[in-house]
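Engineer: Need a 3D model of the following:
(2 chains)
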There are 2 protein chains.
Amino acid sequence: MQQKKVTIHAPATVANLVCGFDVLGMCIDAPFDVMEVELINTPEVIIKNTDSYHLPTAPHLNAAGAPLLELMLSFNKPIGFKITSNKNIKPGSGLGSSAASAAGAVVAANYLLGNPFSKNDLVRFAMAGEKVATGIKHADNVAPCIYGGVTVIRSIFPLDVINIDAPPLYVTVVHPQIEIKTADARQILRKEVLLKDAIKQWGNIAGLVAGFMKKDVNLIANSLEDVIIEPIRSILIPRFDDIKQACKNAGALGGGIAGSGPSIFMLSETKAIADTVAQVMQHTYTEIGLPHFTYVSQINNEGVKIIQS
Amino acid sequence: MQQKKVTIHAPATVANLVCGFDVLGMCIDAPFDVMEVELINTPEVIIKNTDSYHLPTAPHLNAAGAPLLELMLSFNKPIGFKITSNKNIKPGSGLGSSAASAAGAVVAANYLLGNPFSKNDLVRFAMAGEKVATGIKHADNVAPCIYGGVTVIRSIFPLDVINIDAPPLYVTVVHPQIEIKTADARQILRKEVLLKDAIKQWGNIAGLVAGFMKKDVNLIANSLEDVIIEPIRSILIPRFDDIKQACKNAGALGGGIAGSGPSIFMLSETKAIADTVAQVMQHTYTEIGLPHFTYVSQINNEGVKIIQS
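Structural biologist: Below is the predicted model of the structure:
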């Protein structure tokens, strides 16, 4: 008998990775969403939220629902899905909340159907969720969420995702409880950049990709520099420069804004350093009375995980 | 007895590699310069040219001499060198002619001194030759000439060279006999670029680096795209677009302007394709009566080579 229901973990992701705006993304272990997906016989998507985020339940307006509608169009039999979603990744955190919903839904659905679709197909479907949530089809969260590890989105049309197996670095994330809309974070960027800055940026992204592939932590540390986006976007994040410097002083390799913020991420070589980095972050935001969450985990080379079936 | 004299091959290099302006460089087997370097007891550099290029022989004005003066300053004993240079890489070809002189001289000198300097030191010395020849200290030719293979120059100050072992692809080069001054080729570039173009470019450089490291020829082919520099500089090279398209039609993976031109390079998977690509290039330039040279060789993973000692 065909399996009808599955429970999955859909992890958070960090887009941009400092020097790879709109191109790089990384999957991390925590936080993650838990989602139950059930195959049903009627050609519809039913969404039930068990969290308190009041996300829309109409499938074409939902980050998990829209990708499933795309997937259903590409499948040659009439099928439907019922989703029960319990989100831990807060929408608007910069940690790929909508991507986790989108990627989790399509990976689960594909599993229930006997995996007829490739990972690239799933990324394509999942981008429909990003379109619903952010207004733009982008893959720098959904691709690492589906592939795991670090991904390069060389191109969206046609889709070209390059998967890089990253070293098992630790990731500390702080999510200050302020809201930055992705659309706003995009709008404050300049449409033109200096050629000399662009050259510096592509030197760094080339260095970061080589650093991950060679598992060279010094090269990774040196390449985590952004002269184009961070100087503008960091203005929206309280105490950004102080936190970044203090985390590096505490031993972090480097880091920056997660996606369009407001979360900040830092990479470290050991759990002990990553824990200290979390304390540094907590200290700074406690000092100014800004509520926040921190997460310490590792780069996740697996992506969305089937945990119960 | 200490060895006093050595003969070396200093190979041509292709800077930029299409999507890596000022950051990527690649060493190739042909053409190459032959240089004889002799250790002498007087603290001076004596230069003798046996070719017909009439390059300056005053050491501080010579691309091989200036780096040796730098090297001598860093060595703790009074030494000198006599160079006899026979250049095959024509100055102004875009194939790293000055870099071959600079890199060849310092690698040979280091060998004669018992290798007291690191490759990074040698790149630093050799950049003095680029300063003499082009007015700017840049490393995207001297670094691949010294390291071999493909190099990423993540940063010049401080110098950060990343060496990538590239797959043994074939390289076809055509050098049309027109002159493009590096300074002119630089001046026609815009100082600002569109952010969306820069993003495309850093997606491609990330893809190209990953492609070389994964030895994935499709990824290399797809990443060899330049939306920023090539559309401007290619105007200076007769029939550039036609040649590029015809070479791809003949099976080349891709390619573009070598350095600041006028040479054009193309990568291919086999010698047979690389030879056909050379014929395509010859055909186009013969058709319009433009004298030219072609070279078919391979990516050179060794760099400057001691051939007789």
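
Engineer: out of everything not next to it in sequence, what's closest to residue A:224?
Structural biologist: Spatial nearest neighbour of residue A:224, excluding adjacent residues (C-beta to C-beta, 6 or more residues apart in numbering or on different chains): residue A:254 at 3.3 Å. Bear in mind the C-beta positions are built from the backbone N, C-alpha and C, glycine included.

Engineer: go on, residue A:248?
Structural biologist: The nearest residue in space to residue A:248 (C-beta to C-beta, 6+ apart) is residue A:254, at 6.5 Å.

Engineer: Thought residue A:169 was touching that neighbour, still the case?
Structural biologist: No. Contact between residue A:254 and residue A:169 fails when scored by C-beta atoms under 8 Å: they sit 10.7 Å apart.

Engineer: what sits in contact with each of these two?
Structural biologist: In terms of C-beta atoms under 8 Å, 6 or more residues apart in numbering or on different chains, residue A:254 and residue A:169 are both contacted by the residues A:220, A:267.

Engineer: Which residue ranges of the stretch 101-250 of chain A form strands?
Structural biologist: Assigned by DSSP state E, counting those that start in this stretch, the stretch 101-250 of chain A shows strands spanning A:150-155, A:160-164, A:170-176, A:192-194.

Engineer: For those, could you give me TSV that also reports distance to residue A:62?
Structural biologist: Shown next, in TSV, are the strands of the stretch 101-250 of chain A (distance: least, C-beta to C-beta, whole Å):
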stretch	distance to residue A:62
strand A:150-155	23
strand A:160-164	24
strand A:170-176	22
strand A:192-194	35
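
Engineer: would you list those strands in TSV and tack on mean pLDDT, mean neighbour count and distance to chain B?
Structural biologist: Shown next, in TSV, are the strands of the stretch 101-250 of chain A (pLDDT from 0 to 100; neighbours: other C-beta atoms under 10 Å in any protein chain shown; distance: least, C-beta to the nearest C-beta, whole Å):
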stretch	mean pLDDT	mean neighbour count	distance to chain B
strand A:150-155	98	27	4
strand A:160-164	97	21	5
strand A:170-176	98	26	20
strand A:192-194	97	17	4
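
Engineer: What's the local residue count around residue A:238?
Structural biologist: Here the number of neighbours of residue A:238 (other C-beta atoms under 10 Å in any protein chain shown) works out to 16.

Engineer: That one contacts residue A:288, doesn't it?
Structural biologist: Yes. Counting by C-beta under 8 Å, residue A:238 does reach residue A:288; the two are 6.5 Å apart.

Engineer: ok, the residue nearest to residue A:224 to residue B:213 distance?
Structural biologist: 21 Å (C-beta to C-beta, to the nearest Å).

Engineer: repeat for residue A:137
Structural biologist: From residue A:137 to residue B:213 the distance is 28 Å (C-beta to C-beta).

Engineer: So those two - more neighbours on which side?
Structural biologist: Taking neighbours as other C-beta under 10 Å, residue A:137 and residue B:213 compare with residue B:213 leading, 20 against 17.

Engineer: who's in contact with the closest residue to the more buried one other than its chain neighbours?
Structural biologist: Closest residue to residue B:213 apart from its sequence neighbours, by C-beta to C-beta, 6+ apart: residue A:213 at 4.9 Å. With contact taken as C-beta under 8 Å, 6+ apart, residue A:213 is in contact with A:164-165, B:209-210, B:213-214.

Engineer: Having no further points to raise, I will conclude here.
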